[in-house]
Structures are given as C-alpha cells and as structure tokens.
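In: sequence unavailable; structure follows:
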C-alpha cells in the first residue's frame, strides 16, 4: 500500500481563517486520502518582526470590516454562524502551549476545534482558564496533566521552535498548508488546492 | 426579459491578481449571464493612507515570495505563463487614465487585457509609451485621440473620483468585485463567489 501523503496544517488560535479551516479540514483530508499534521504556532512574533503590534484586521479597518463579512459568508457555506468576540485578536499563548502538550496523546485536533468554536461561534475568550478547561474536557484531556505539561520547558521550547521554523520556511500568515515537497498555500481558500497538491503533486 | 445583473470589477494595473482576473473574467461573466463594469482605479493613494509607500509584496518579503509562486501556480491553471517584471509595482497612472479615456468608446477592456499581458506575461513596463501604444493599437484605439483625452481634466478627475469612491465603499485591495446590492469580494480567488452572488443574490 503506498504511503499516504502528509499535509502540514499551520494554524494560529487567534486567527479567524484558521478557525474556518480547522472546522472543515478533517473531512476534506480524509476524502483526499491525506494525513494531516496539526501544527499550532504564534503569528504574534512574525507580525512583530514586520512592525505590526496587532492583527492587520485591526491595523487596517476596511480590511477588518471585510474579513468579518467574509467570515460570515464563508461560515454560512459550512453551516456555521460566526460571532465576533469582544476581544480580537485574543492572547493565544496558553492555548498553543496546551495544544502542543496534547500532540503525543492525540487530543490536539479535538482540543483545537473546541477552542475555535468557543471563540468564534460562542464569542468566548480563549485566554480564560474556564474556556480552556472546557475545551480540554471536550477533547478528553485531563486539565491537570495538560496544564502541567504546558508549563514545562519542553513544551514552551516546542512552541518557540515551531514558530521559528514556520518563519524560516516563509510562513507569514495563518492558516498555511505545507506539502511534503515544500509547497506553501496560504489561507482557508487554498485548502482544496493544497490537498490536491499533496495528493497529486501538481 | 429580466435585467442582467451587473458586477463592478475594480482593478489596478500594477496588481498581479488584478491581471489574473482581467484575463479570465469575461468568459466566466458571460457564462453566468452577468454584465461587467470595468473600473480601473489607483491603489497607491489607498495604500499611502495606511502608511505604505510601496506594495505589501515588497514591504513583506515572505508575502512577496509567496505571491509570485502563487501567481505561477494559478496562472498555470489558466494556461498562462507569468513572468516577474524587473519593476514591481509599476507606475500605473497613465495606464489608468488611458483606460478611463476609453470607457465610452468601448475599448477599455481590450486595452486593459493587452496591458496586463504586456506587463505580467512579457515583463514589459506599462509606464513606457511604446508599451501603452501597443496596447492601445491592439484594442483598436487611436493613440493620438486616447492620449489627448487621458490628459483632459475630465479624465484626470474621473480617475481621482473613482479612487475616492472605491475607498469610500471600503475597497482596500485589488481586484475587488462589487455586486449591485453592495457586497464586496476581494481577490481573484473570490471571482466565482462574486459572480454567484451577482446572479443569485446569496
């Protein structure tokens, strides 16, 4: 049996379009016969390096207005009702560390999806412990174990290394999909194209 | 017979993704039964207002590298080979004025397509008179008449007004498609969605 192709799914918990992808990527990847690697990272340091102190959707108001409208339209196509949380962008540091703490145990995707839904379907703040706990429980993780791991130097270092690596391969936004032969596809609207490339290499 | 829906196609001559749309929009619009209004404008003043002195693809190198790769991939799907011109972005002021001078005479789309091809398929500079002249001739326009009109206060004012209007309705990039009910769709990758909306209003 030939090896299944692998697609890296780079996402940022504070990113609206990452949410769109997280909530639809699994069914599409399964259909395409592609194995996903969920790779949470932080966009903050990448934005900071280009002089941005917040999301471009806040820096450029017309772009922000458009994004929220676009999210509503595209969410509707997936049967999702998006809400605009009071805080945007949210602090995603603990969320990303927790997600990476669940990589080996296998609950990272379920935790990530639960957290995206809490943030952009229910308007909750993912920097709050109650919200994080609910997502951990929904994913079948033990919050005590998960928090302890998320505070370890190993997991903190893992997140830093992932973010550095993302930057080094040219990632500048989220979501970004990267195929095994190194092709980058940026944005939820490139997900299908990325899966095609992963599958057929063209 | 019901009135055909109208879609505004806002484009900037220096924009790579505007080129992609210009070279494929007519067939798709015809198929959808949608009438196009070609609306060239200048992104420069809109970028300048948000503190950018050049294209974001130059300001943010990883984004720029990605864009050229993305253009090659997407161009390939339309059977086009894109080249990266020596100068990017190019000065599009005269091009936009000339295009607007041809609005009533009807050669604006043909001129625009010829100029996009010269720039991004042949690597020419659209600020050069020889390149502009060739595009005018390809579109069946008389260069003498066209240039005279492009230098008139009327056409200069038209371009300024179009650019101001674009900004006022929230346009922040190109291409942007706007339906009669005021929905904005930004980017070549939203062209099909914009045509669907224009046709069905959803």
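Out: Nice, I can see it. Small disclaimer: the values here were computed from a predicted structure and weren't measured.
In: low-confidence regions, chain A specifically.
Out: Along chain A, segments meeting pLDDT under 70 span A:1, A:202.
In: how does it look with 80?
Out: For chain A, the stretches with pLDDT under 80 are A:1-2, A:201-202.
In: just the element for residue A:84, please.
Out: Residue A:84 is part of no helix or strand, with elements assigned from DSSP states H and E.
In: that one touches residue A:119, doesn't it?
Out: No: using CB atoms under 8 Å as the test, residue A:84 is too far from residue A:119 to be in contact (10.2 Å). Yep, even glycine has a C-beta here, placed from its N, CA and C like the rest.
In: who has more neighbours, the two?
Out: Neighbours around residue A:84 and residue A:119, counted as other CB atoms under 10 Å in any protein chain shown, are more numerous at residue A:119. The numbers are 29 against 14.
In: now that one. Nearest residue, chain neighbours left out?
Out: residue A:126 (5.0 Å; CB to CB, 6 or more residues apart in numbering or on different chains).
In: how about the strands in chain A?
Out: Taking DSSP state E to define them, one finds strands in chain A at A:6-11, A:35-40, A:176-179, A:184-186.
In: surely the residue nearest to residue A:119 meets residue A:89?
Out: No: at 10.2 Å, residue A:126 does not count as touching residue A:89 under the criterion of CB under 8 Å.
In: look at the two and report which has more neighbours.
Out: Per other CB under 10 Å, whichever of residue A:126 and residue A:89 has more neighbours is residue A:126, with 23 against 19.
In: tell me the contacts of residue A:17?
Out: Residues in contact with residue A:17 (CB atoms under 8 Å, 6 or more residues apart in numbering or on different chains) are A:67, A:71, A:174-175, A:187-188.
In: how much space between it and residue A:187?
Out: 6 Å (CB to CB, to the nearest Å).
In: give me the common contacts of these two.
Out: Between them, residue A:17 and residue A:187 share the contacting residues residue A:175, judged by CB under 8 Å, 6+ apart.
In: so residue A:199 touches residue A:31, yeah?
Out: No: counting by CB under 8 Å, residue A:199 sits too far from residue A:31 to count as a contact (10.0 Å).
In: which one of these two has more residues nearby?
Out: A direct count of neighbours by other CB under 10 Å for residue A:199 and residue A:31 places residue A:199 higher, at 17 against 10.
In: from chain B, how far out is the more buried one?
Out: Counting by CB to the nearest CB, to the nearest Å, the gap from residue A:199 to chain B is 15 Å.
In: now the closest residue in space to that residue that isn't next to it in sequence: how far from chain B?
Out: Sequence neighbours aside, residue A:32 is the residue nearest to residue A:199 in space, at 5.1 Å (criterion: CB to CB, 6+ apart). From residue A:32 over to chain B the distance is 18 Å, taken as CB to the nearest CB.
In: test my guess that residue A:32 contacts residue A:193.
Out: No: the pair residue A:32 and residue A:193 fails to qualify as a contact (CB under 8 Å) at a distance of 11.3 Å.
In: which residues are common contacts for these two?
Out: Counting by CB under 8 Å, 6+ apart, residue A:32 and residue A:193 have no contacts in common.
In: can you show me the helices along chain A?
Out: Under the criterion DSSP state H, helices of chain A are mapped to A:16-22, A:25-32, A:44-49, A:56-59, A:61-77, A:93-101, A:108-120, A:129-138, A:143-150, A:153-168, A:191-200.
In: run through the bridge partners of the most centrally placed residue in chain A.
Out: Per CA atoms, centre = their mean, the C-alpha nearest to the average position across chain A is that of residue A:11, at 2.7 Å. Per DSSP bridges, the residues bridged to residue A:11 are residue A:40.
In: distance of it from residue A:64?
Out: Residue A:11 is 20 Å from residue A:64, by CB to CB.
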